[in-house]
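Chemist: Give me the fold of what follows.
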Amino acid sequence: MLNNRTASKVIDFIGLPVLTGLAVAAIMLLLFPEFRGDTQLSDQDGELSYNSLSTDWSGSVSYAQAVKKAAPSVVNIYTRTMSRQSNHPLLKHPLFRRLYNQQQERVQGSLGSGVIMDRAGFIVTSHHVVDSVDEILVLLYDGRELPATVVGTDPDTDLAVLKIASDNLHAIHVGNPDQAEIGDVVLAIGNPFGMGQTVTQGIVSATRRNGLNLNTFENYIQTDANINPGNSGGALIDAYGNLLGINAAKINQNSEGIGFAVPADEVQKVLTHIIEHGRVIRGWLGFEAIVLTPTFAEKLNINLSSGLLITGIAKDGPAHMADILPGDIVTSINGISVTNRHRSVNQIAEIFPGEPIELQIQRNQQRLDITATAGERPVAN
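Modeler: Presented below is the predicted three-dimensional model:
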């Protein structure tokens with residue numbers, strides 16, 4: 001009897017706080033639903049998302065699938081250049097050069113990366129990777145080693161097209177760089193320092209970057225993904241494994257977190273032109289010009305805020321044939337106002353030779369409408 005009474009008191013002593021605690025917990029969960037820890041994980045179009053009552057965050061948890069999709073299309077490129085050197089001082093004399101034929105042959109090697117663009121074996125890489133080399137060896141993702149030949153190059157964009165003969169090639173999926181936004185996650189795949197295929201991760205830092213004086217035509221995607229020696233010619237992909245660009249360059253070897261890639265649409269245009277024509281065909285007007293800034297215009301007493309001030313005309317070029325003169329100011333090209341020199345150069349280059357170009361010119365205080373016929377831009381030396 002005593003034991004039952006004691007047990008009853010213990011239950012009453014413990015039960016009341018427990019019930020109170022449960023009631024408080026229920027109220028807290030009702031008032032603060034984030035304490036419940038409810039999560040919802042879904043997979044839509046290959047994208048993992050995390051939805052919670054306390055956050056709107058969503059995005060890829062891992063980029064492994066993107067790498068698996070793109071990596072088989074990225075190749076390592078090894079090149080060799082034969083150089084002959086003479087060390088004996090007597091070899092400078094023609095007679096002793098014949099007597100002392102002691103020339104030494106030295107092999108210089110370099111490395112880079114490339115991207116398989118189609119199953120026919122066309123590979124895009126950087127022009128400087130394969131410029132003036134004697135032998136090119138391509139190492140595929142599956143370990144196969146194949147010789148490659150140069151189909152054509154485009155120094156103006158620092159791109160080159162190679163060809164290999166093989167089957168079971170993985171062509172990369174090409175994305176849409178025009179839809180890339182600052183802050184998008186990107187991955188750079190290449191062969192830095194000859195280590196073998198390596199992946200680095202970053203974001204899109206800027207788009208349509210130009211004015212860097214790295215190449216004639218600049219429309220770069222800027223990224224903070226590490227691009228080291230050997231990465232040139234490799235792939236810059238989005239978080240889903242689609243090609244956004246070809247890794248091109250850094251400003252200098254000391255810069256960190258500032259790399260550039262040629263957009264995939266420009267890459268495809270170069271690829272198509274080289275395959276079909278052996279070179280890239282671009283429009284050309286044949287004049288040199290400088291940007292007319294408001295300050296410059298004020299000093300020249302010109303009532304314009306922007307334009308291209310022509311400083312030189314190529315003899316017998318399209319501009320010369322259209323009677324355009326040094327000192328003329330181009331204010332509009334095919335109805336588009338001139339506000340940026342690089343954009344105008346790119347705009348003219350997109351016009352196929354033989355097509356008309358409508359120019360608005362200011363000459364002294366007179367406005368002129370002039371129609372020029374685009375020529376073909378000379379190949380860069």
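Chemist: Nearest spatial neighbour of residue 341, chain-adjacent residues omitted?
Modeler: Excluding the flanking residues, the one nearest residue 341 by C-beta to C-beta, 6 or more residues apart in numbering is residue 291, at 4.9 Å. (Each C-beta comes from the backbone N, C-alpha and C, glycine too.)
Chemist: Can you pull the phi/psi pair for that neighbour?
Modeler: Note on residue 291: its backbone torsions stand at phi -70, psi 130 [degrees, to the nearest 10].
Chemist: Residue 129 now?
Modeler: For residue 129, the backbone dihedrals (degrees, to the nearest 10) come out as phi -70, psi -40.
Chemist: Just the element for the closest residue to it other than its chain neighbours, please.
Modeler: Nearest non-adjacent residue to residue 129, counting by C-beta to C-beta, 6+ apart: residue 112, 3.4 Å away. Taking DSSP states H and E as the criterion, residue 112 maps to strand 104-116.
Chemist: can you check residue 237 too?
Modeler: Element membership for residue 237 (DSSP H and E) is strand 235-238.
Chemist: Pull the residues that contact that strand.
Modeler: Residues outside strand 235-238 that contact it (C-beta atoms under 8 Å, 6 or more residues apart in numbering) are 66, 70, 73-74, 113, 115, 172, 175, 180, 184-190, 221, 223, 225, 243-247, 261.
Chemist: send the alpha carbons of that strand over as PDB?
Modeler: Extracted as PDB, the C-alpha positions of strand 235-238 are listed here (Å, rounded to 0.1, in the frame of the first residue of the first chain):
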ATOM      1  CA  ALA A 235      36.400  24.300 -71.800                       C
ATOM      2  CA  LEU A 236      34.500  26.800 -69.600                       C
ATOM      3  CA  ILE A 237      31.200  25.000 -68.900                       C
ATOM      4  CA  ASP A 238      28.100  25.900 -67.000                       C
END
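Chemist: partners of that strand in the sheet?
Modeler: strand 185-190 (antiparallel), strand 243-250 (antiparallel) (DSSP bridges).
Chemist: Which of the ones you listed comes out lowest on mean pLDDT?
Modeler: Between the strands paired with strand 235-238, the one with the least mean pLDDT is strand 243-250; it has a mean of 88.
Chemist: ok, then the element right after that one?
Modeler: Next along the chain after strand 243-250, taking DSSP H and E as the criterion, comes strand 259-263.
Chemist: other SSEs contacting that following strand?
Modeler: strand 220-223, strand 243-250 (3 or more C-beta pairs under 8 Å, 6 or more residues apart in numbering; DSSP states H and E).
Chemist: Next, the angle from that strand to strand 243-250.
Modeler: For strand 259-263 against strand 243-250, the angle by axes from the mean of the first three to the mean of the last three C-alpha atoms, to 10 degrees is 140 degrees.
Chemist: and strand 259-263, how far from the chain's centre?
Modeler: Remark: strand 259-263 is offset 2 Å from the chain centroid, using C-alpha atoms, centre = their mean, to the nearest Å.
Chemist: For stretch 127-139, could you pull out the residues that count as buried?
Modeler: For stretch 127-139, the neighbour count (16 or more other C-beta atoms under 10 Å) marks 127-130, 133, 136-139 as buried.
Chemist: chain center to it, what's the gap?
Modeler: Stretch 127-139 sits 20 Å away from the centroid of its parent chain (C-alpha atoms, centre = their mean).
Chemist: Then stretch 346-356?
Modeler: Its chain's C-alpha centre and that of stretch 346-356 lie 23 Å apart, by C-alpha atoms, centre = their mean.
Chemist: What segments of this structure are helices?
Modeler: Assigned by DSSP state H, the helices in the chain fall at 2-31, 64-70, 94-99, 127-130, 264-277, 294-299, 318-321, 341-349.
Chemist: on that earlier part again, residues contacting the residue nearest to residue 129?
Modeler: Contact analysis of residue 112 by C-beta under 8 Å, 6+ apart lists 76-77, 79, 125-126, 129-130, 190-191, 230-234.
Chemist: Now do the contacts for residue 160.
Modeler: With contact taken as C-beta under 8 Å, 6+ apart, residue 160 is in contact with 124-127, 129-131, 150, 152-154, 233.
Chemist: Relative to residue 158, how far out is the most centrally placed residue in the chain?
Modeler: Centroid-nearest residue in the chain, with C-alpha atoms, centre = their mean: residue 261, separated by 1.8 Å. The gap separating residue 261 from residue 158 is 11 Å, by C-beta to C-beta, to the nearest Å.
Chemist: ditto for residue 243
Modeler: 17 Å.
Chemist: thinking again about what came up before, partners of the residue nearest to residue 129 in the sheet?
Modeler: Here residue 112, judged by DSSP bridges, has bridge partners residue 77.
Chemist: thinking again about what came up before, lowest pLDDT pick from the contacts of residue 112?
Modeler: Minimum confidence in these sits at residue 230, scoring 85.
Chemist: Domains in this structure, by residue range?
Modeler: Listed domain ranges for the chain are 72-163, 177-277, 283-376 (source: automatic domain parsing).
Chemist: where's the longest one relative to the chain centroid, distance-wise?
Modeler: Put plainly, it is domain 177-277. Distance of domain 177-277 from its chain centroid, counting by C-alpha atoms, centre = their mean, is 3 Å.
Chemist: Can you give me the end-to-end span of it?
Modeler: Criterion C-alpha to C-alpha, to the nearest Å; first-to-last residue distance in domain 177-277 is 25 Å.
Chemist: try stretch 355-374
Modeler: The straight-line separation of the ends of stretch 355-374 (C-alpha to C-alpha) is 6 Å.
Chemist: Then stretch 297-314?
Modeler: Length of stretch 297-314, first residue to last, C-alpha to C-alpha: 24 Å.
Chemist: Specify the beta-bridge partners of residue 263.
Modeler: When bridges are called by DSSP bridges, residue 263 pairs up with residue 245.
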